[in-house]
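# Sequence and predicted structure below; questions after.
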Amino acid sequence: MNPREFEYHAPHSLDEAFSLLGKYGDESKILAGGQSLIPLMKSRIFSMPHIIDIGKIEGLRNIEINKSGARIGSLVTISDLESEREIAELFPAIHDAASQIADPLIRNAGTIGGNIAHGDPGNDLPAVLVTLGAVFVLRRSGGERTADASKFFIDTLETDVHHGEILTEIVIPRPGKKTASAYLKAKKSAGDFSIAGISTCISMEKDGSIGSIRMALTSSGPKVIEVTGLEEICKGKKDYNSIAEKVSVAAVSSAKPSDDFYGTVQYKKKVIGILAKDCLKLAMERAEKR
Amino acid sequence: MERKVNFNINGKKVDLNIDSRELLVDVIRDHITLKGTRIGCDTSNCGACTVIVNGKAVKSCTMLGVQADGKEIITIEGITQGEELHPIQKAFMERHGMQCGYCTSGMIMTAYWLLSNRKNPSDEEIKRYFSGNLCRCTGYQDIIDSVRHASELMHSEEEKIVVEQR
Amino acid sequence: MRSEKEMVTGRMQYIDDIVMDGMLHMTVVRSPYSFAKINAIRGGLNHTDFNSEMKSFGEGETGEETGPGETMFAGSHAFYAGQPVAAVFGKTKYESEDNADSVEVDYEPLKPIMNLNDSLKLGPVHGSMKSNVLKRTLLGKEFSIADSHIDLSDSFMMERIATNPIEGRGLVCHYDDNKLNVWISGQSMHSIKSGLCGTLNLPPDRVRVFHVDTGGAFGLKGGMYPEYAIAGFASMKYGKPVKWIETRREHLMASKPGRGVRGDITISARKDGKILGLKGKVLVDAGAFGGSIAEFSPRFIGYQITGPYAIGNVYVDAQALVTNKPPQGPYRGAGRPEASFLMERMIDRLADETGLDPVDIRLTNAATEPFKTPTGMTIPESRSFLQDAIRELGYRNFRKPERPGFSFFALLPASSPGEGARIRCSEGKVKVWLGGNTHGQGHEFFVKSLLSTEFRIDPGLITLEYADTDMLEKGEGSWGSRSAMVGGNAIIELARRIIKRIEKEEGHYAPEILLDGEYDEQDFVSYKKTLISYGANLVTADVDTYGNVHVKECRSYYDVGRALVPHMVRGQIIGGCMQGIGQTLYEEISYSEDGTLLTGSISDAGLPTAEKIPEFTVKYAENPSEFPHGAKGLGESPTIGVPTALARAIELASGKRIRNTPVRPDYLIG
């Protein structure tokens, strides 16, 4: 199948894009890499009279890493994210996730901004960015604001991007010493949606005990879900074996998966429980090495 | 809605009027009439439509023609020099990396991208790079063997060029 | 005929590459409901314009089809989700898809029958039937065994799977000068021709079907479909060429899928592993209409259920049941993998029950001399091949706790009734046409190899041509592991006739005489027997904590008679092994209870990716067949042998009894 008719706009600047968004309002949709949107347009499940392609706007493809962390332009492709060494070094969970998104060809065209702004609970980067404490820069005509990743996702395909705004940058704070992250996911095949995915970010104290921990889940509810109650379980603990089971239970009780073709609720919860343990272990091992 | 675009495709400049909604694969097949790029699925899974856009392999069924405006595109037809086959094409013939041939253009274009990034990919790397290209006939083994063989052929060609230059 | 060089340069000409002046693109509007009453249809070409019933079924056709026939468009009811309801047209595919919005259909959804239990329990889908039993065959004889030590019963299910070639179905019809010309991606031009003649009510001389390059088929493209007749009808009605190219979603919802078979099996055996009898009920999910494999396969499965084993008592109740799904079709193996799965799973079960090695049980039951089964199948001696296979596959080299799955099977190829071919020598070149279309099996290789030997000429002088129904009057098709066997046999027979003619005319044969002369020979070369051959597989696998199966090794040992083209033999075996792995681990066509298709993408339907491949080992025996070329059937062997061996490997790795395919991760860790 192929897309319905639409009018295509390719602004060369953000200001041009804002004015198009202002002009066409609810009748317009932003196209970035298109790897989520174009399949929907092809199936004719989704159509929109005006498509605003932001791909020709300069300045949204930079990865800048400095003392305070990383600033990633929203049009940076998943494969650029995957191959950027400093990203893998500072934020291994981003690298883990990027290298598991869809397949290598999709990653060459898909963008970090699209992966976030599409609002699909099956997309991998939202969970990662929530655990890394990322902030999203949303620009609009004559201004900008920031939104915390943890508050950005509202419901399936619904985010905190207001009409007239464009997600331009993802800002991730530089992790402290002995801090590491990891992302794991369970899926049938490369192109498949995940059964579940989990991101973990852990900071260790000098004595090797856990200082802080965040975990968030992919494909486990209508939006990305942050696991609650982890600090109580993990704070001050050094031994993986003493917390693994409790962390696993916490992840499972935070999850709200539904029955579908990819598995029953019971199965998905089991998978989430195992993923939580495996991801905790990986993140702890990485943090200890830092 | 008609729109004017220009590409560089296989080293040639083309100016076209296309419908904004036309997928890049249809622009390549129907406007530029290069039929070697195939359509295999609706859902961006199979990779039969793989082409190189600005140096990277992408699925041309998941890109609008208008998105490729101003870009450089290479298709299966663009890697042959006259009648001289590209080493990857030779390798696929020598290792029989195809049966029905329908996925082959996409497989070769992914190989073209992979081998421009990695000179000596391991079998595991090849498998990962090809996870977005589906083949129903071969069970992939002969394709993986072909890609490995292609990397060897490309090495020996490079060596030949170095020797000639000396 | 194009070959490998055209494949690597993108110069193959598949059906979607054909463009004609004034060509219309067809889009089919389909029922979204698995079962619905249709109160009204407005717009498009629909059943009020064209209301013909399915004729000619292609592969598996017996001439005794009884079931309610499928009309080309749904009329008063839609019987499966995806059934054509109307067709619209446009100058481009985009325009034609837009025009689909102009069709309005008033549906009244009904409760569909989506599984075999409901089909048996609930009232008939079709008002013309008394129950949902489309066809029932009893095979063998009822028996009772007094001295049986062990009676084991179990039930197995192989879910439906899509054939999923990377190129879907497609055709171009052009009605010109009172003749319907049809170019089609296909396995059998003659079955399509008779289907079109029947549905469009045209005499044979007014339909010509052309084979084109075909991007895989695996059973999909061997027979007639409503869309073909609709495109033909439209071309006649509008006087323009009409192209229809199936989308993947259409493929998954409306083409004929394979498998969909349940078996309830009981075996009676002695403690030493000797099986004394087998009773079975085989239920086939035939889908909404009869015809083709849907009616044929229950009997075919029952007939060969005991495979390579000499089992003295067999009784099978084989039934095809109507459901609200697209009609079942052949998928690589088409009944053979189902039969073998039922038998081999019971043998592994018997091994666990008796504590014997499953391979020793197979040896105990293998035929030590030609054996006629109670279902009427005569198998050659099989024990010596099994002994060779155990050795060649290295089964006894495994030491506990490492234990591989092992399978042993008989391949019953569709060698009967033979194949049509034509050879024309002219201007120093030899051109060949075959009844069955190559779609990945490399027919051109065996044609060149066999004829260069027969004629003693350079293979470069021989070409396999695109066949059409005017160039070749009679032909069968490419399916059922048959082409190299009976296609090869046909061209050798024709070549020898030409040589005899030359000998008669010139006193002797010499290649130069052939190449200087003009010769043209065509015939349908009959072969009415089923040439059975044997094969075995060995598979090892791990199961991880998530319930994912990782296949480590997949070894094959098949009797190919003679490997005419060794690289194709290897390619066919590895490709088929991967399909066997796909069926066992990932592939299915799945619906919700209310009849909504859940597997809407090729990825959901479970086509394996490159990351999933194990280490393959390919070995084969060459015990020549009675054909002059010595070859036996091959293409379907891996899809028979691999699921059974892999199921056992998973059973050993997980400790869970494997009864169904695909084996779901949630079952393994549940």
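In hand now; what should we look at?
# mind listing what's buried in the helix or strand where residue A:233 lies?
Using DSSP states H and E, residue A:233 falls within helix A:230-234. By 16 or more other CB atoms under 10 Å in any protein chain shown, the buried positions in helix A:230-234 come out as A:230, A:233-234. Every C-beta, even on glycine, is put in place using the N, C-alpha and C of the backbone.
# Repeat that for stretch C:380-399.
Neighbour-count burial for stretch C:380-399 [16+ other CB under 10 Å]: C:380, C:382-383, C:385-386, C:388-390, C:392-393, C:395.
# Also stretch C:345-362?
Within stretch C:345-362, the residues scored as buried using 16+ other CB under 10 Å are C:345-351, C:353-354, C:356, C:358-359, C:361-362.
# Need phi/psi at the closest residue to chain B within the stretch 101-250 of chain A.
Ranked by CB to the nearest CB, the top residue of the stretch 101-250 of chain A for proximity to chain B is residue A:103, at 2.7 Å. Main-chain torsions, residue A:103, degrees, to the nearest 10: phi -140, psi 170.
# Can you tell me how far residue C:389 is from chain A?
Using CB to the nearest CB, to the nearest Å, one gets 32 Å for the distance from residue C:389 to chain A.
# Same question for residue C:530.
37 Å.
# Does that residue belong to a helix, a strand or coil?
For residue C:530, the assignment made with DSSP: H, G, I helix; E, B strand; the rest coil gives coil.
# just checking, it touches residue C:412?
Yes: using CB atoms under 8 Å, residue C:530 makes contact with residue C:412 at a distance of 5.2 Å.
# of the two, who's got more company?
Set residue C:530 next to residue C:412 and count neighbours by other CB atoms under 10 Å in any protein chain shown: residue C:412 wins out with 24 against 17.
# any idea where the helices of chain B begin and end?
B:24-26, B:87-94, B:104-117, B:123-129, B:141-165 (DSSP state H).
# Near chain A, which residues of chain C? Just list them.
C:93-94, C:97-98, C:247, C:249, C:545-548, C:586, C:590, C:598-599, C:601, C:603-604, C:606-609, C:611-612, C:665-666, C:669-670 (CB under 8 Å from any CB of the partner chain).
# For ChimeraX, what selects the buried ones among these?
In ChimeraX, this line selects whichever of these come out buried by 16+ other CB under 10 Å:
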select /C:93,94,97,98,247,249,546,547,548,586,590,599,601,603,604,606,607,608,609,612,665,666,669
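# shouldn't residue C:332 be in contact with residue C:577?
No: the criterion here is CB under 8 Å, and residue C:332 misses it with residue C:577 at 11.4 Å.
# So which of these two has more stuff around it?
Legend: neighbour count by other CB under 10 Å for residue C:332 and residue C:577, higher for residue C:577 (30 against 27).
# shouldn't residue C:436 be in contact with residue C:477?
Yes: contact criterion CB under 8 Å: residue C:436 and residue C:477 qualify, at 4.8 Å.
# just checking, residue C:328 is part of a helix?
No: in this structure, residue C:328 is coil, not part of a helix, as judged by three-state DSSP.
# Just the strands from the stretch 551-670 of chain C, written as ranges.
Counting by DSSP state E, counting those that start in this stretch, the stretch 551-670 of chain C has strands at residues C:615-621, C:660-661.
# What lies in contact with the first one?
By that I understand strand C:615-621. Identification of contacts with strand C:615-621 by CB atoms under 8 Å, 6 or more residues apart in numbering or on different chains yields B:139, B:141, C:385, C:388, C:392-393, C:552-560, C:563, C:569-570, C:573-574, C:577.
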